[in-house]
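J.: model the structure of this input:
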Amino acid sequence: ALPKPLRTFLLITFIFALGNYSNLFIVLKAHELGLVPIYLILLYGVFNLTHALTVYPASRLSDRIGRRGLLVAGYLLFGFTFLAFSFATSAAWYWPLFALYGLYLGLTEGVEKALVSDFAPPDLKATAQGLHATVVSATVLPASVLAGLLWIYVDSAAPFYFSSITAFGATMLLLKRLPR
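T.: Have a look, this model is predicted:
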């Protein structure tokens, strides 16, 4: 009963979510680079502050200029941020990277939900929101298992490369398959 644009968007969301594993891997990578636990808590403060300061303005902007462009920008930002995480050789890089990670979430969180509502028929809006949340939530476990396997059997940068690939792939699909 769901329209094709919504089904397409849910598939794109799934592909993106495969590279959006547990934040624990970011913390492990920061610890590997020598960041002590108290700074990890402060990093989350930077992430949450950036997210909180950007989610409302980004969502409001999406009402004015459209959602697709902001979502593309957010997915690209995620891809480049995680690529930078893979190359980070010093814990000092984590401060701006966590801010960019928070900005990605601010750019995409409200916009994704609004897109789901835009594509859902009036009688299935709540169902569509629930399905989107299910896709995102249910993908965290397999994404984290895959990230763990990449970490163990390749190296600690491999999950971040994979995140970039899925983000860039999802971005290409957004541009090619999702209506404006």
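
J.: just checking, what packs against the least confident helix or strand in the chain by mean pLDDT?
T.: Lowest by mean pLDDT, DSSP states H and E among the helices and strands of the chain is helix 24-32, with a mean of 91. On a contact count with 3 or more CB pairs under 8 Å, 6 or more residues apart in numbering; DSSP states H and E, helix 24-32 meets helix 37-65, helix 94-119, helix 125-153, helix 158-177. Every C-beta, even on glycine, is put in place using the N, C-alpha and C of the backbone.

J.: could I get the ones you listed as a markdown table with distance to His31 and mean neighbour count?
T.: What follows is these, written out as a markdown table (distance: least, CB to CB, whole Å; neighbours: other CB atoms under 10 Å):
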| stretch | distance to His31 | mean neighbour count |
| --- | --- | --- |
| helix 37-65 | 7 | 15 |
| helix 94-119 | 10 | 21 |
| helix 125-153 | 13 | 15 |
| helix 158-177 | 14 | 20 |
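
J.: send the alpha carbons of stretch 33-40 over as CSV?
T.: Provided in CSV are the C-alpha atoms of stretch 33-40 (Å, rounded to 0.1, in the frame of the first residue of the first chain):
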residue,chain,number,x,y,z
LEU,A,33,44.4,7.3,19.3
GLY,A,34,45.0,8.0,22.9
LEU,A,35,41.9,10.0,23.9
VAL,A,36,41.2,9.5,27.6
PRO,A,37,37.6,8.7,28.8
ILE,A,38,36.8,12.1,30.2
TYR,A,39,37.4,13.7,26.8
LEU,A,40,35.1,11.1,25.2
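
J.: quick check: mean pLDDT across that stretch?
T.: Mean pLDDT, computed over stretch 33-40, is 90.

J.: likewise stretch 142-149?
T.: 98.

J.: again with stretch 108-128
T.: 96.

J.: again with stretch 167-180
T.: pLDDT averaged over stretch 167-180 gives 94.

J.: dump the C-alpha coordinates for it into PDB.
T.: Listed next in PDB are the C-alpha coordinates belonging to stretch 167-180 (Å, rounded to 0.1, in the frame of the first residue of the first chain):
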ATOM      1  CA  ALA A 167      26.800   7.100   2.500                       C
ATOM      2  CA  PHE A 168      28.000   8.000  -1.000                       C
ATOM      3  CA  GLY A 169      26.000   5.200  -2.500                       C
ATOM      4  CA  ALA A 170      22.800   6.300  -0.700                       C
ATOM      5  CA  THR A 171      23.500   9.900  -1.900                       C
ATOM      6  CA  MET A 172      23.800   8.700  -5.500                       C
ATOM      7  CA  LEU A 173      20.500   6.800  -5.100                       C
ATOM      8  CA  LEU A 174      18.900   9.900  -3.600                       C
ATOM      9  CA  LEU A 175      19.900  12.000  -6.600                       C
ATOM     10  CA  LYS A 176      19.000   9.400  -9.200                       C
ATOM     11  CA  ARG A 177      15.900   7.700  -7.800                       C
ATOM     12  CA  LEU A 178      14.100  10.000  -5.400                       C
ATOM     13  CA  PRO A 179      11.700  12.600  -6.900                       C
ATOM     14  CA  ARG A 180      12.200  16.200  -5.900                       C
END
